[in-house]
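Visitor: compute the structure for the input listed below.
(one chain, ligands or ions: 1)
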Amino acid sequence: MTGDSIVRFAQRMEQLPPYLFGMINNMRMKKRAEGDDVIDLGMGNPIDPAPDAVTRKLCEVVQDPKSHRYPVAAGLRNLRKEIAKYYERDYGVSLDSENEVICTIGSKEGISHLCLALVGPGDTVLVPTPAFPIHVYATIIAGGNVIRIPLAEEDVFLSRIATMCESLYPSPKVLILNYPHNPTGALASLDLFTEVVKLARKYRFMVIQDFAYAKVTFDGYHAPSLMQVPGARNVGVEFGSFSKSYNMAGWRIGYCVGNREIIQGLAKIKGYYDYGIFSAIQIAGIVALRDCDADVVQQVRVYQQRRDVLCHGLRRIGWPVSEPRAGMFVWTRIPPPYDSMGSMEFGIKLMEEANVAVAPGIGFGEEGEGYLRLALVENVHRIRQALRQMGKVLKGLKSPAETVEPREEVSTASSSEMRDCSDGGEAQVNPMEMSR
Ligand SMILES: Cc1ncc(COP(=O)(O)O)c(C=O)c1O
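Guide: Next up is the predicted model:
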């Protein structure tokens, strides 16, 4: 409150910490305003366009005034059917599209509102960390308690969940999973999901799996769906997104599938809060799921190529990294001799001296300290430029490793064009945005 302002926020606002990425964001905006060409590996905001067929369908449907009305809040029946068909086709899972599928305004909105429906004061939610911030803050905003479980190998991770369930009273109500994981790139096996479902039954907690990076997988890896586990829909739900697979991040469309009671609860709370997704976008979403498998494959090739160029280049400048097998990020320890610096301080150094923006690990929770996240959202030419700039600044890295130079990127949007576009929105950058 300043001066004689009458503005007083709700107590829950005090639980939302200061914006850890704010300093880097502001520096990036300031540098760009001064004409510096900052290469942005910070935000996981896709730069490539949605598939042509999807954009064409949107343009066609938007001409029809019927699409201008309030949409069907839970999602058009045909879109829900298409989501069910996609689960059948890709995971061999059959879903009742009337009761086990709901559309959301992106998975982030869905997860946030679902936490409002499931969690309240006195409830505890288990969240693996480091974490995509909304996995923690959806519970905090809903008034619940978060217990952080450091991500670990499957056995250790499962035993930590069991220990929490046995030692906490009341025992945890919800477990939030996110595989493939942002920011770390951690993967789940079907065995892990099977064990989680067993634990959920035994200790009576619900499971929310965030499957935003379902299709962004590399080297022949296919990410399993929680719903493939028999009985999974008795204990939980899975969120999907059009943002990453189809480059539709700004369109705001996602979905939730699984347990019908949970879906009903989400529908109820969403019915109070919103009217659903613009119908033209929902119809374009049908086209994405039905006709755009090849576009997804092509986009994933682009990410894999960027990943290879970035990881290879980092190793060449003496920065040891390993390639993620899914997701849009390289998650890496701060290399020696800089490893005693905090991730924020190191991120600022890269921004100030190398004109490269990255996401400091601390932004994903304490367990992320000592790490950085580099997003694969610049084209290979700019990634190479970023590597040259970082190489000049980071003196004293270990001697370069011998690696084979990856091939050229197949095709991508011009990242400078996209940057112009996204810069327009940065003025309103919100506390959670850098974490995308
Ligand atoms: C793990 C994770 N979940 C959800 C989202 C948000 O997805 P959507 O655009 O569908 O809300 C992101 C965005 O970066 C993410 O990384």
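Visitor: quickly note the distance from the closest residue to the ligand within the chain to residue 251.
Guide: Taking C-beta to the nearest ligand atom as the measure, the chain has residue 106 as its residue closest to the ligand, at 2.7 Å. Every residue, glycine included, has its C-beta placed from N, CA and C. Counting by C-beta to C-beta, to the nearest Å, the separation of residue 106 from residue 251 is 8 Å.
Visitor: shared neighbours of the two, anything?
Guide: The contact sets of residue 106 and residue 251 overlap at residue 243 (C-beta atoms under 8 Å, 6 or more residues apart in numbering).
Visitor: buried sites along stretch 240-256?
Guide: By neighbour count on 16 or more other C-beta atoms under 10 Å, the buried set for stretch 240-256 is 240-249, 251-256.
Visitor: quick check: end-to-end length of that stretch?
Guide: For stretch 240-256, the first-to-last residue distance is 6 Å (C-alpha to C-alpha, to the nearest Å).
Visitor: pLDDT value on the residue nearest to residue 134 when sequence neighbours are not counted, please?
Guide: In this structure, residue 134 finds its nearest non-sequential neighbour in residue 108, 5.3 Å apart by C-beta to C-beta, 6 or more residues apart in numbering. The model reports residue 108 with a pLDDT of 96.
Visitor: so which helix or strand takes in residue 108?
Guide: Assigned by DSSP states H and E, residue 108 belongs to helix 107-118.
Visitor: kindly export that helix (C-alpha atoms) in CSV.
Guide: Coordinates of each C-alpha in helix 107-118 appear next as CSV, following Å, rounded to 0.1, in the frame of the first residue of the first chain:
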residue,chain,number,x,y,z
SER,A,107,-3.4,-26.9,-19.2
LYS,A,108,-2.2,-24.2,-16.8
GLU,A,109,-5.7,-22.9,-16.4
GLY,A,110,-7.0,-26.4,-16.0
ILE,A,111,-4.5,-27.3,-13.3
SER,A,112,-5.2,-24.1,-11.4
HIS,A,113,-8.9,-24.5,-11.4
LEU,A,114,-8.7,-28.2,-10.6
CYS,A,115,-6.7,-27.3,-7.5
LEU,A,116,-9.4,-24.9,-6.5
ALA,A,117,-11.9,-27.7,-6.8
LEU,A,118,-9.8,-30.4,-5.0
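Visitor: any idea which helix or strand comes after it?
Guide: strand 124-129.
Visitor: residues in contact with that following strand: which ones?
Guide: 115, 119, 135-136, 139, 144-151, 157, 161, 164, 168, 170-178, 181, 205, 364-368.
Visitor: pull up the residues of the stretch 51-200 of the chain that are close to the ligand.
Guide: Residues of the stretch 51-200 of the chain lying close to the ligand (C-beta under 6 Å from any ligand atom) are 106, 107, 108, 132, 178, 182.
Visitor: mind putting these in CSV, neighbour count included?
Guide: Converted to CSV, these look like this (neighbours: other C-beta atoms under 10 Å):
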residue, neighbour count
106, 22
107, 26
108, 23
132, 25
178, 27
182, 28
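Visitor: for the helix ranked longest in the chain, packing partners?
Guide: Of all the elements of type helix in the chain, the one with the most residues (DSSP state H) is helix 293-316. Counting contacts by 3 or more C-beta pairs under 8 Å, 6 or more residues apart in numbering; DSSP states H and E, helix 293-316 is packed against strand 329-333, helix 380-393.
Visitor: okay, those, which one's buried deepest?
Guide: Among the helices and strands packed on helix 293-316, strand 329-333 has the highest mean neighbour count (mean count of other C-beta atoms under 10 Å), at a mean of 22.
Visitor: just the angle between the helix or strand following it and strand 329-333, please?
Guide: Using DSSP H and E, the helix or strand that follows strand 329-333 in sequence is helix 343-354. Compare the direction of helix 343-354 with that of strand 329-333 by axes from the mean of the first three to the mean of the last three C-alpha atoms, to 10 degrees and you get 110 degrees.
Visitor: in helix 343-354, what's buried?
Guide: Result for helix 343-354 [16+ other C-beta under 10 Å]: buried residues 343, 344, 346, 347, 348, 349, 350, 351, 354.
Visitor: would you list the residues you listed in a markdown table and tack on distance to residue 236 and pLDDT?
Guide: As requested, those are exported to a markdown table (distance: C-beta to C-beta, whole Å; pLDDT from 0 to 100):
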| residue | distance to residue 236 | pLDDT |
| --- | --- | --- |
| 343 | 32 | 96 |
| 344 | 35 | 94 |
| 346 | 37 | 96 |
| 347 | 35 | 95 |
| 348 | 40 | 93 |
| 349 | 42 | 95 |
| 350 | 39 | 96 |
| 351 | 39 | 95 |
| 354 | 43 | 96 |
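Visitor: returning to what we had before: between helix 380-393 and the longest helix of the chain, find me the angle.
Guide: Counting by the same axes, to 10 degrees, helix 293-316 points 20 degrees away from the direction of helix 380-393.
Visitor: briefly note if helix 293-316 comes near the ligand.
Guide: No. Using C-beta under 6 Å from any ligand atom, helix 293-316 never reaches the ligand; the gap is at least 13.6 Å.
Visitor: mind listing the helices for the protein?
Guide: Using DSSP H, helices in the chain cover 22-33, 52-62, 77-91, 107-118, 133-141, 154-167, 190-203, 232-235, 260-273, 279-291, 293-316, 343-354, 380-393, 415-426.
Visitor: which of the ones you listed has the lowest average pLDDT?
Guide: helix 415-426 (a mean of 37).
Visitor: around the ligand, which positions in the stretch 251-400 of the chain sit nearby?
Guide: So far as C-beta under 6 Å from any ligand atom goes, the stretch 251-400 of the chain lies against the ligand at residue 254.
Visitor: residue 322 touches residue 311, doesn't it?
Guide: Yes. Residue 322 lies in contact with residue 311 (C-beta atoms under 8 Å); the separation is 7.3 Å.
Visitor: these two: who's more crowded?
Guide: When neighbours are counted by other C-beta atoms under 10 Å, residue 322 and residue 311 differ, and residue 311 comes out ahead with 21 against 11.
Visitor: can you pull the contacts of that one?
Guide: The contact partners of residue 311, taken as C-beta under 8 Å, 6+ apart, are 321, 322, 323, 330.
Visitor: quickly list the domain ranges of this structure.
Guide: Listed domain ranges for the chain are 18-50+294-435, 52-291 (source: automatic domain parsing).
Visitor: chain center to stretch 371-380: distance?
Guide: 14 Å (C-alpha atoms, centre = their mean, to the nearest Å).
Visitor: kindly apply the preceding question to stretch 333-348 instead.
Guide: 24 Å.
Visitor: how about stretch 251-259?
Guide: 14 Å.
Visitor: swap in stretch 131-139?
Guide: On C-alpha atoms, centre = their mean, the centre of stretch 131-139 falls 11 Å from that of its chain.
Visitor: can I get that stretch as PDB, trimmed to CA atoms?
Guide: Provided in PDB are the C-alpha atoms of stretch 131-139 (Å, rounded to 0.1, in the frame of the first residue of the first chain):
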ATOM      1  CA  ALA A 131       8.800 -27.600 -10.300                       C
ATOM      2  CA  PHE A 132       7.000 -25.700 -12.900                       C
ATOM      3  CA  PRO A 133       5.700 -22.900 -10.600                       C
ATOM      4  CA  ILE A 134       2.000 -23.400 -11.100                       C
ATOM      5  CA  HIS A 135       2.300 -26.900  -9.700                       C
ATOM      6  CA  VAL A 136       3.200 -25.400  -6.400                       C
ATOM      7  CA  TYR A 137       1.200 -22.100  -6.500                       C
ATOM      8  CA  ALA A 138      -2.100 -23.600  -7.600                       C
ATOM      9  CA  THR A 139      -2.200 -25.300  -4.300                       C
END
